[in-house]
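A.B. asks: Coordinates only, no sequence provided:
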DNA sequence: CGGAGGTTTGAAAAGAGTCAAAGGTCGTGG
DNA sequence: CCACGACCTTTGACTCTTTTCAAACCTCCG
């Protein structure tokens, strides 16, 4: 069935739809499947999921994967790149509510209302697998391991959101920045990258926005942490993170 | 099967387990079923859910329904009363991450790790239906409407959390308090209560905690809004809410 | 190589936190 | 039924963090 969609890849903006049959990168062969929805599925279950995920979308840096108010038709799994999700206040102020890396799911907040409830914007040229939700639900009913995995991802998203609430509600600026860096480091580690050295995909303004701070405050706090030897900053490159030291700054008052 | 558990209600602290057979308040007869997980289920599906929800728990004001770290065995649905969920920083500061009223579900964040990730505390003497999660999952696989409802509740929780993030990250104190009151009013309305007049179940400290403010700040902001004619405050009783005016204060910069 | 966008730093202002004190409310036990 | 204590609320005065406004610098892309 998926094989019938063997058309040439279409290259058109803003978000290109790609038939997956061409690319031989079904879930069953995807090298991030252990980070992603397929985690824990056996070979048979994987094959069923392959039939759900028949297309991918390329999204250029700064372009939306979807926008608030769009009809909710599918969940997305980040394959390559990073995204942010943002919400707007009535008067147009923006709050970044999530930062998604490879293996993370996008669109979970749209299930309830059948409309997307935030904007999902690519932070670099990125690629996401499209999982039409009706089909996914159907397969989840048949394949208990997939149902479990979906529940787990929904629940994990709630847990993450609550961690961010904790940061926004109770931590001061320096603690928020430290917690942000520790969190990024751990997610890089989970993906097999260096934990104490990476490139930020967000601007100071975006980091500040995510953390409920102004960009100048973020810049000052990076400088302060650097002055105190907890990291080196060079624009968007951070190096030599002292993760233990940062963890101490993130929540444990000195 | 549930009928076999026809024992006398046990009255013991801190949280009393009640067999539901005694109380004739299965989901199928529960008067809040339209606000709760059963929403949209037909008679047959409801009967299957009745077999999942065989017990309830009474929780006294200030007592926990569960604590962070407890094994995750069940989801809970608030039947009577209100709860708060709280998270702690490493150094013991508390952040309230949720405020649950009748029909709301508790425990969703525990599915991923099979441990509860927050404390759920009763704000008044309350009662929650116990929904053992394995059974619930099984029935959800068989009853597609229940699966949908569960997904919807999980998704709605994510949406709610993101609204709170928006408030914590981008709104100033006065806006947060206004948004909080509007949100409470709407939830009261949905439950058939007066929207512009109700009793707060939280102390100033708890409201402040929820909103990322100190209790003194909340008290001052209530006084200010009252002085400006947007509501009347008398301890925990708020009256004559000017919902339109409050909505204006909550996000639309004057 | 020009310019837009991003970053850093300083100085002043505003918002919220902290500390303190007094008054109010509620439930319990005498 | 009253009194006591525990807890909650309000308000003031002062402090501190973060924001706001401003200016200069950097750097990366076309």
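C.D. replies: Good, I have the coordinates. This one's a predicted model, so the numbers in the text were calculated from it and none came from an experiment. Residues are numbered from 1 along each chain as shown, chains lettered A, B, ... in the order given.
A.B. asks: can we go C-alpha only for contacts and neighbour counts from here?
C.D. replies: Fine.
A.B. asks: which regions of chain A lie under the pLDDT threshold?
C.D. replies: For chain A, the stretches with pLDDT under 70 are A:1-15, A:19-25, A:252-254.
A.B. asks: Show me the helices in the stretch 1-150 of chain A, by range?
C.D. replies: Using DSSP state H, counting those that start in this stretch, the helices of the stretch 1-150 of chain A run over A:43-50, A:133-142, A:144-170.
A.B. asks: so which of those is the most packed in?
C.D. replies: helix A:144-170 (a mean of 23; mean count of other CA atoms under 10 Å in any protein chain shown).
A.B. asks: what packs against that helix?
C.D. replies: When contacts are defined as 3 or more CA pairs under 8 Å, 6 or more residues apart in numbering or on different chains; DSSP states H and E, helix A:144-170 sits against helix A:133-142, helix A:173-190, strand B:83-88, strand B:94-100, helix B:144-170, helix B:204-211.
A.B. asks: tell me, how many neighbours does the residue nearest to residue A:249 when sequence neighbours are not counted end up with?
C.D. replies: In this structure, residue A:249 finds its nearest non-sequential neighbour in residue A:175, 5.5 Å apart by CA to CA, 6 or more residues apart in numbering or on different chains. Other residues lying near residue A:175 total 21 when counted by other CA atoms under 10 Å in any protein chain shown.
A.B. asks: Repeat that for residue A:228.
C.D. replies: Residue A:228 has 10 neighbouring residues, counting by other CA under 10 Å.
A.B. asks: If the residue positioned nearest the centre of chain A is in a bridge, with which residues?
C.D. replies: In chain A, the residue lying closest to the centroid (CA atoms, centre = their mean) is residue A:100, at 1.0 Å. With DSSP bridges applied, residue A:100 shows beta-bridge pairing to residue A:83.
A.B. asks: Could you pull up the contacting residues of it?
C.D. replies: By CA atoms under 8 Å, 6 or more residues apart in numbering or on different chains, the residues touching residue A:100 are A:78, A:82, A:83, A:84, A:106.
A.B. asks: Closest to residue A:185 out of these?
C.D. replies: Closest to residue A:185 out of these is residue A:82 (14.6 Å), distances taken as CA to CA.
A.B. asks: who's in contact with that closest one?
C.D. replies: Neighbouring residues of residue A:82 by CA under 8 Å, 6+ apart: A:99, A:100, A:101, A:102, A:122, A:123, A:124, A:126, A:201.
A.B. asks: make it 7 Å
C.D. replies: A:100, A:101, A:102, A:122, A:123, A:124, A:126 (CA atoms under 7 Å, 6 or more residues apart in numbering or on different chains).
A.B. asks: now swap in residue A:229 and tell me
C.D. replies: Applying CA under 7 Å, 6+ apart, no residues qualify as near residue A:229.
A.B. asks: Check the spacing between it and DNA strand D real quick.
C.D. replies: Residue A:229 sits at a distance of 18 Å from DNA strand D (criterion: CA to the nearest atom of the strand, to the nearest Å).
A.B. asks: Am I right that that residue sits in a strand?
C.D. replies: No: read with DSSP: H, G, I helix; E, B strand; the rest coil, residue A:229 is coil and lies in no strand.
A.B. asks: before we move on, the earlier item: and the helices of the stretch 1-150 of chain A as CSV, adding distance to residue A:226?
C.D. replies: CSV is the format used below for the helices of the stretch 1-150 of chain A (distance: least, CA to CA, whole Å):
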stretch, distance to residue A:226
helix A:43-50, 46
helix A:133-142, 45
helix A:144-170, 21
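A.B. asks: wait, which of the ones you listed is closest to DNA strand D?
C.D. replies: helix A:144-170 (9.5 Å; CA to the nearest atom of the strand).
A.B. asks: Give me the distance from the closest one to the chain's centre.
C.D. replies: Distance of helix A:144-170 from the chain centroid (CA atoms, centre = their mean, to the nearest Å) equals 12 Å.
A.B. asks: Indicate whether that helix makes contact with DNA strand C.
C.D. replies: No: figure legend: helix A:144-170 not in contact with DNA strand C (CA under 7 Å from any atom of the strand); closest approach 8.0 Å.
A.B. asks: Okay, angle between that helix and helix B:133-142 too, please.
C.D. replies: If you take axes from the mean of the first three to the mean of the last three CA atoms, to 10 degrees, helix A:144-170 sits at 120 degrees to helix B:133-142.
A.B. asks: Is any residue of helix A:144-170 near DNA strand D?
C.D. replies: No: under the criterion of CA under 7 Å from any atom of the strand, DNA strand D is not reached by helix A:144-170; the shortest gap measures 9.5 Å.
A.B. asks: As JSON lines, the helices and strands packed on helix A:144-170 with distance to residue A:229 would be great.
C.D. replies: Output for those, formatted as JSON lines (distance: least, CA to CA, whole Å):
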{"stretch": "helix A:133-142", "distance to residue A:229": "47"}
{"stretch": "helix A:173-190", "distance to residue A:229": "13"}
{"stretch": "strand B:83-88", "distance to residue A:229": "28"}
{"stretch": "strand B:94-100", "distance to residue A:229": "29"}
{"stretch": "helix B:144-170", "distance to residue A:229": "28"}
{"stretch": "helix B:204-211", "distance to residue A:229": "33"}
